[in-house]
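>>> What follows is a predicted structure for the sequence shown.
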Amino acid sequence: MTETQSDWNKLDPASVTTNRIVYFIGFAFAVLASVVGGAIAIASELPEPWHWLLPVILVIVNMILLWLAIYWPAIEHRNVRWLTSPVGVEIKKGVFWRHQIAIPWARVQHADVSQGPLARQFSLGNLTIHTAGTKHASIDLEGLSHDVAIELRDKVIRQRKAGDVV
């Protein structure tokens, strides 16, 4: 069976909003650290170019972090897809470094759905599929609708159970 682009499922659009909130919290801490660092740099006896250059560098870094907080979640969201097939679950993700993860049903041990407080607020869930093996023994798929995460977990469990040897 040949897969088309339309066969692949996307993450819930609300995951963009939750990721922006998380990035903005990180950005707020970076700004706070920059204000303190900039104040120390201005008040200290740094050599002349660093006296004014360090605050400028901190402003530039914070502008980059602000851009990332606004735009990166949507870019990241566009580059995550997942698909279930008779063979297993496939996940494609990554913007610069692309990963294609194939999880055969026979390798699945169990699956969990979790929600943090922010994800719960937006009805999102994270699916973790635990596989046999030691390296990369669990795969996370974050940003699913909670209902979809539950359905996918149940499907993983049913498929795994159907392949068990008694």
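It's in.

>>> what number of residues lie near residue 21?
14 (other C-beta atoms under 10 Å). In this view, the C-beta of every residue, glycine as well, is placed from N, C-alpha and C.

>>> Please verify my assumption that it contacts residue 117.
No: with contact defined as C-beta atoms under 8 Å, residue 21 does not reach residue 117; the gap is 11.0 Å.

>>> so who does residue 7 touch?
Each residue near residue 7 by C-beta atoms under 8 Å, 6 or more residues apart in numbering is listed here: residue 83.

>>> Let's see that with 10 Å instead.
1, 81, 83-85, 90 (C-beta atoms under 10 Å, 6 or more residues apart in numbering).

>>> Please report the distance of it from residue 86.
13 Å (C-beta to C-beta, to the nearest Å).

>>> Can you list the strands that the host helix or strand of residue 144 pairs with?
Residue 144 is part of strand 138-145, with elements assigned from DSSP states H and E. According to DSSP bridges, strand 138-145 forms sheet pairs with strand 124-131 (antiparallel).

>>> where's the partner strand relative to the chain centroid, distance-wise?
Centroid separation for strand 124-131 versus its chain: 12 Å, with C-alpha atoms, centre = their mean, to the nearest Å.

>>> again with stretch 25-32
That offset, for stretch 25-32, works out to 19 Å (C-alpha atoms, centre = their mean).

>>> Just the CA coordinates for that stretch, please, in PDB.
Provided in PDB are the C-alpha atoms of stretch 25-32 (Å, rounded to 0.1, in the frame of the first residue of the first chain):
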ATOM      1  CA  ILE A  25       7.900  31.400  30.100                       C
ATOM      2  CA  GLY A  26      11.500  30.600  29.200                       C
ATOM      3  CA  PHE A  27      11.800  33.900  27.400                       C
ATOM      4  CA  ALA A  28      10.600  35.700  30.500                       C
ATOM      5  CA  PHE A  29      13.300  34.100  32.600                       C
ATOM      6  CA  ALA A  30      15.900  34.900  29.900                       C
ATOM      7  CA  VAL A  31      14.800  38.600  30.000                       C
ATOM      8  CA  LEU A  32      15.000  38.700  33.700                       C
END
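
>>> can you pull the buried residues of that stretch?
27, 30-31 (16 or more other C-beta atoms under 10 Å).

>>> Now intersect those residues with the helices, please.
27, 30-31 (DSSP state H).

>>> mind listing the strands for this protein?
In the chain, the strands defined using DSSP state E lie at 9-10, 81-84, 88-93, 99-104, 108-114, 124-131, 138-145.

>>> Could you find the closest non-adjacent residue to residue 132?
residue 107 (5.0 Å; C-beta to C-beta, 6 or more residues apart in numbering).
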